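Peer 1: my questions concern the predicted model and sequence given below.
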Protein chains: 2
Amino acid sequence: MSAADQIFAMLRESSQSGAPLYLQLRRSIEEAVNRGLIGPGDALPSERDIASKADISRVTVRKAVQDLVKGGILVQRHGSGTFVAPRMERVEQSLSRLTSFTEDMARRGMNVRSVWLDRGLYAPSPDEMMVLGLSSTELVARVARLRIANDTPLAIERAALSASVLPDPEAIGSSLYAALGTTGNRPVRAVQRISATNLGDADARLLEVPPGVAGLQIERISYLASGKVIEFTRSVYRGDAYDFVAELRLTGPGEEIRP
Amino acid sequence: MSAADQIFAMLRESSQSGAPLYLQLRRSIEEAVNRGLIGPGDALPSERDIASKADISRVTVRKAVQDLVKGGILVQRHGSGTFVAPRMERVEQSLSRLTSFTEDMARRGMNVRSVWLDRGLYAPSPDEMMVLGLSSTELVARVARLRIANDTPLAIERAALSASVLPDPEAIGSSLYAALGTTGNRPVRAVQRISATNLGDADARLLEVPPGVAGLQIERISYLASGKVIEFTRSVYRGDAYDFVAELRLTGPGEEIRP
DNA sequence: AAGTGGTCTAGACCACGCG
DNA sequence: GCGTGGTCTAGACCACTTC
């Protein structure tokens, strides 16, 4: 009995449950993956094969499979087939220290590179005017990068700075902060806001995941020692590849704590 | 021209783009919402109406609408209709202080309550044995709560503690930490790991969101002053309702920073 | 009872990949 | 060329809400 046939066996067992067919099928496939009957990289039968063997329509098979693709369990390659998604080892990043993406990854023995998505001077958006304290006649420097580790895209970083501190975005080498440091504009403090979002089409394509999977959305505002805002960065991280780690402390004795 | 008709106008304009029909329709609806032509709470035409007016099949309409539901733009109520999702004001939570959910929300003037999902003593899972340092003959106390603010479910918290520090989980009042404090077992420090995930059916139902929307998954390990692990909590937060805020600092002078 | 979303079907054509 | 996933159709029945 082939591994994939286990799926059909489980399906038959659940066939009197009254649950929708696509749910029964979805659970059967999920079970087969969780039990290791089919492992990462293995191919599933084609949608048409599943449909005919399980005696359900291809539309219904697709609904089950699509759900699992969006959940990151399966991956589909147009013209090629449907496969169990490779297990992704997650990367941890500290939430209490300003660290370098490049160095962070290098310390983990990962091969890192970036792709420029955008570098230039623009008229500021209302958001940027507010946060960076720009007037509508000033310009904003935007730099956007796709961060890649071991050939896996991990994050999209879109930074905005006043053009007065970064008049020539094209001149940045591999490090934005190094460029800022040469003019004494290196941030010493930042505040980050983290939330979850379903990735849109554009971001999903860049990060090589199906649209709709969960991602971490991060807004960072960086400050100079003087307290002036220097940088406003909006980033999107792959939810399946990233863990952010934070340490919580009691700030004083006698503090009330009831989580 | 009714507000909803704007959708069809936009659809006709994009009809020569060559893009898939469901994408054209999805974008038209998204645009109408973003431009405020239809606001939160407003009803969309029924799937059948959209299908006939736009001269496409209902299956295709459903694909477009489903995508927007999973993205949190629309909500559907079985038997009632499809509506623009109400704008959710996000709640911010600090990532550097151990704070109380109840107090945090009360400070914001929100009405808070919890629903117990589980309270009891169990044989520990391998995870729990590892983290809490239990042997397989010891028991683990599990307490799980659904956190609700202003009648909106915000989070599911599932805590695990050694039964030796919480022998009677049923005896907890509204505050786990208060119960721990009476025996001198109140944590003073915690480490959190944050990631993003698509919510599964069970969690999505509890949080009253459609399955598959993005949520924040948080693992917290809490420590006593002695350094002993006291609590292991796995939580799931609604991604559309929560922002976690962290402050980053340079830990010392001369530190390398190149994000 | 009428209208809504939820599920399901059988069949079609297109776009992509692989040998 | 052949098999794969990607899109689309027209029609059906069920389950739920609302009147």
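Peer 2: Here it is on my side, so go on. Numbers count the residues shown, from 1 in each chain, chains lettered A, B, ... in the order given.
Peer 1: so which helix or strand takes in A:Arg191?
Peer 2: No, residue A:191 isn't Arg; it's Val. Using DSSP states H and E, A:Val191 maps to strand A:189-198.
Peer 1: adjacent strands (with direction) for that strand?
Peer 2: Looking at strand A:189-198 with DSSP bridges, its partner strands are strand A:214-223 (antiparallel), strand B:242-249 (antiparallel).
Peer 1: most tightly surrounded among those strands?
Peer 2: Among those, ranked by average contacts under mean count of other C-beta atoms under 10 Å in any protein chain shown, first place goes to strand A:214-223 (a mean of 22). No exception for glycine: its C-beta is placed from N, CA and C like everyone else's.
Peer 1: state the next helix or strand along the chain beyond that strand.
Peer 2: Criterion used, DSSP H and E; the element after strand A:214-223 is strand A:229-238.
Peer 1: which outside residues touch that following strand?
Peer 2: A:127-128, A:131-133, A:153-162, A:165, A:176, A:180, A:185, A:187, A:190, A:197, A:199, A:203, A:207, A:209, A:215-224, B:196 (C-beta atoms under 8 Å, 6 or more residues apart in numbering or on different chains).
Peer 1: buried stuff in the strand holding A:Val191?
Peer 2: By 16 or more other C-beta atoms under 10 Å in any protein chain shown, the buried positions in strand A:189-198 come out as A:Arg189, A:Ala190, A:Gln192, A:Arg193, A:Ile194, A:Ser195, A:Ala196, A:Thr197, A:Asn198.
Peer 1: what's the burial count for A:Leu134?
Peer 2: When neighbours are defined as other C-beta atoms under 10 Å in any protein chain shown, A:Leu134 has 20 of them.
Peer 1: who's in contact with it?
Peer 2: Contacts of A:Leu134 by C-beta under 8 Å, 6+ apart are A:Pro124, A:Glu128, A:Val140, A:Ser162.
Peer 1: do A:Val112 as well
Peer 2: A:Val112 touches A:Phe101, A:Thr102, A:Met105, A:Ala106, A:Arg147, A:Ile148, A:Ala149, counting by C-beta under 8 Å, 6+ apart.
Peer 1: which secondary structure element contains the nearest residue to it once chain neighbours are set aside?
Peer 2: Sequence neighbours aside, A:Met105 is the residue nearest to A:Val112 in space, at 4.3 Å (criterion: C-beta to C-beta, 6 or more residues apart in numbering or on different chains). Element membership for A:Met105 (DSSP H and E) is helix A:101-107.
Peer 1: so what does that helix touch, helix or strand wise?
Peer 2: Where contact means 3 or more C-beta pairs under 8 Å, 6 or more residues apart in numbering or on different chains; DSSP states H and E, helix A:101-107 is packed against strand A:112-122.
Peer 1: the strand it packs on: which residues count as buried?
Peer 2: For strand A:112-122, by 16+ other C-beta under 10 Å, it's A:Val112, A:Arg119.
Peer 1: that one pairs with which strands, parallel or anti?
Peer 2: When DSSP bridges is applied, strand A:112-122 pairs with strand A:140-149 (antiparallel).
Peer 1: dump the strand it pairs with to CSV, restricted to CA.
Peer 2: Extracted in CSV, the C-alpha atoms of strand A:140-149 (Å, rounded to 0.1, in the frame of the first residue of the first chain):
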residue,chain,number,x,y,z
VAL,A,140,12.1,61.6,1.6
ALA,A,141,14.8,59.0,0.9
ARG,A,142,13.4,55.6,0.5
VAL,A,143,15.4,52.4,0.4
ALA,A,144,13.7,49.0,0.1
ARG,A,145,15.5,45.7,0.2
LEU,A,146,14.6,42.0,0.0
ARG,A,147,16.6,40.1,2.6
ILE,A,148,17.7,36.6,1.6
ALA,A,149,19.4,33.9,3.7
